[in-house]
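Chemist: fold the following.
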Amino acid sequence: VQLVESGGGLLQPGGSLRLSCVASGFTFSSYYMSWVRQAPGKGLEWFSDINSSGGSTYYSDSVKGRLTISRDNAKNTLYLQMNSLQTEDKALYYCAKGSGSTAGCARDYWGQGTQVTVSS
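Modeler: Have a look, this model is predicted:
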């Protein structure tokens, strides 16, 4: 299993960014996927999920309305569209693979992360 994130960068508050996570080594379309982040000096924050078909999503209150998770199963790719970015969104962003196709399943593989920095 391999998960490779990309798309991070440095931008100003209010800006937009799209992260990608290319998956390989497993049947991508059969598994829940998640985005998780870790801000400097803080623990991991699991903030968004998407089911195997892409028809059901979850967002934490901290990102709801600003970040959008999606997937393209034909391209084995998970996305995170980030709009109206705030300084509090500065973090290392990871994609994570679910261990199954049901909500609440554990996350068993992680990417290496991509850094997002929001600063004026």
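
Chemist: what's the strand or helix carrying residue 71 packed up against?
Modeler: With elements delineated by DSSP states H and E, residue 71 resides in strand 67-72, which encompasses its position. Under the contact criterion of 3 or more Cβ pairs under 8 Å, 6 or more residues apart in numbering; DSSP states H and E, strand 67-72 touches strand 33-38, strand 44-50, strand 57-59, strand 77-82. (Glycine included, C-beta is placed from N, CA and C.)

Chemist: quick one: which of those is nearest residue 11?
Modeler: Counting by Cβ to Cβ, residue 11 lies closest to strand 77-82 out of these; the figure is 9.2 Å.

Chemist: show me what secondary structure element comes after that closest one.
Modeler: strand 91-98.

Chemist: on the C-terminal side of that next one, identify the next helix or strand.
Modeler: If you walk from strand 91-98 toward the C-terminus, the next helix or strand you reach (DSSP H and E) is strand 107-110.

Chemist: okay, buried residues for that next one please.
Modeler: Residues of strand 107-110 classed as buried by neighbour count (16 or more other Cβ atoms under 10 Å): 107, 109-110.

Chemist: adding distance to residue 114, mean neighbour count and mean pLDDT as columns, could you present the helices and strands packed on strand 67-72 in a markdown table?
Modeler: Converted to a markdown table, the helices and strands packed on strand 67-72 look like this (distance: least, Cβ to Cβ, whole Å; neighbours: other Cβ atoms under 10 Å; pLDDT from 0 to 100):
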| stretch | distance to residue 114 | mean neighbour count | mean pLDDT |
| --- | --- | --- | --- |
| strand 33-38 | 10 | 21 | 97 |
| strand 44-50 | 15 | 19 | 95 |
| strand 57-59 | 19 | 15 | 96 |
| strand 77-82 | 10 | 21 | 98 |
